[in-house]
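Colleague: Whatever this is, show me its structure:
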Amino acid sequence: MSWRVWLADSTMHSVAATVALVLVILALRLVLRRWVLRHVRQPELRLRWLANLRNGLLLALLLGLVPIWVQELRTFAVSLAAVAAAFVLATKELIQCVSGAVLRATGNVFSIGDRIEIGNHRGDVIDYTVLTTTILEIGPGRAFHMHTGRTITFPNSILLTTPVVNESSLEQYVVHVFSVPLRADEDWRRAEQVLLEAAMAECGPFLDEARRHMARLEETHGFSSPSPNPRVAVQLADPGTVHLLVRVPAPIGRQGRVEQAILRRFLEQFYGAGRSPQPAPAEVE
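Modeller: Alright, predicted model coming up:
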């Protein structure tokens, strides 16, 4: 390499300036250290001066290197930012999946065994990792509570943008709601009474335990828990149709069994064993 090329290279200039700065700092340290050792007699004061001298020269060296290498530092920072941006774009989905896992863990969104609904998917959580969550599908549709035998695995990034419904948030018991449609010309008052009696009969074995559980939740978490007492409400959703909304407590994982037992008892008592029912099949809301 010729001297002209060497002199024209900015990196070589920076290296030369750095070497010169280091030599100057070392010379200053040597001279000032000798002066302190000769003129400062008190041991404690001498040690303090030597420490301040060392730290001051080190700071001066760092401050002197900044203007020398400022151009190279700027180029390196731009290159590093470009590499970081490319890395983020290439791993965007993975980063979102990890962020979703952090959200699930820190927010206590759900855990293994919980029954959740996210988007159009609904089921029991059987596994989760840093990147994905696996549920055992419940269905078909929202009107049934039976396992379909299929598993659904979705990326945790969905947790950042899609609300999660946790049907197991009340731990041992959940408040379950389903609808029974009737024609407007049918005796909906009697149907309401029959439904309420059927709900009380099917929920009776665990109703007291559900009440105690809700009371414990109020004491532990400090919020007003829903009443576990079975209720039936009337809704006019469509012209010519009356919907009876049944609200009952049910043990986690047994909502479908409780609903089916209430519906069968209602059909037998309201329509009779030898008469075909007129309303459409019940659907969960």
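Colleague: got the buried residues for the lengthiest helix in the chain?
Modeller: With secondary structure taken from DSSP state H, the chain has its longest helix at helix 188-221. For helix 188-221, the neighbour count (16 or more other CB atoms under 10 Å) marks 188, 191-192, 194-199, 202-203, 206-207, 210-211, 213-214, 217 as buried. Quick note: C-beta positions are derived from backbone N, CA and C, even for glycine.
Colleague: Past that helix, which element shows up next along the chain?
Modeller: strand 231-235 (DSSP states H and E).
Colleague: So for the longest helix of the chain, mean pLDDT?
Modeller: Averaging pLDDT along helix 188-221 yields 84.
Colleague: What's the end-to-end length of stretch 176-194?
Modeller: One end of stretch 176-194 to the other measures 18 Å (CA to CA, to the nearest Å).
Colleague: still on that earlier bit, give me the distance from the longest helix of the chain to the chain's centre.
Modeller: Remark: helix 188-221 is offset 32 Å from the chain centroid, using CA atoms, centre = their mean, to the nearest Å.
Colleague: so it versus strand 231-235, what angle?
Modeller: Here helix 188-221 points in a direction 120 degrees away from that of strand 231-235 (axes from the mean of the first three to the mean of the last three CA atoms, to 10 degrees).
Colleague: what residue ranges in the stretch 101-250 of the chain score low on pLDDT?
Modeller: 140-145, 168-171, 220-226 (pLDDT under 70).
Colleague: swap the cut-off to 80 and go again
Modeller: Low-confidence segments of the stretch 101-250 of the chain (pLDDT under 80): 113, 139-149, 167-172, 174, 213-228, 237-238.
Colleague: can you list the domains in the protein?
Modeller: The chain breaks down into these domains under automatic domain parsing: 3-89, 93-166, 173-284.
Colleague: how distant is stretch 37-55 from the center of its chain?
Modeller: 58 Å.
Colleague: elements contacting the longest helix of the chain?
Modeller: In terms of contacts (3 or more CB pairs under 8 Å, 6 or more residues apart in numbering; DSSP states H and E), helix 188-221 is packed against strand 173-183, strand 231-235, strand 241-251, helix 255-270.
Colleague: Show me which residues of the first one are buried.
Modeller: By 16+ other CB under 10 Å, the buried positions in strand 173-183 come out as 173-176, 178-182.
Colleague: now swap in the last one and tell me
Modeller: By 16+ other CB under 10 Å, the buried positions in helix 255-270 come out as 255-256, 258-263, 265-267, 269-270.
Colleague: Ok, the shortest one next?
Modeller: Residues of strand 231-235 classed as buried: Val232 (neighbour count, 16+ other CB under 10 Å).
Colleague: one step back: and which of the buried residues of strand 173-183 is nearest to Leu58?
Modeller: Set against Leu58, the nearest of the buried residues of strand 173-183 by CB to CB is Val174 (65.6 Å).
Colleague: The closest one contacts Pro249, doesn't it?
Modeller: Yes - at 7.4 Å, Val174 counts as touching Pro249 under the criterion of CB atoms under 8 Å.
Colleague: want to try CSV for the buried residues of strand 173-183, with distance to Gly64 as columns?
Modeller: Below are those laid out as CSV (distance: CB to CB, whole Å):
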residue, distance to Gly64
Tyr173, 72
Val174, 69
Val175, 72
His176, 74
Phe178, 78
Ser179, 79
Val180, 84
Pro181, 84
Leu182, 89
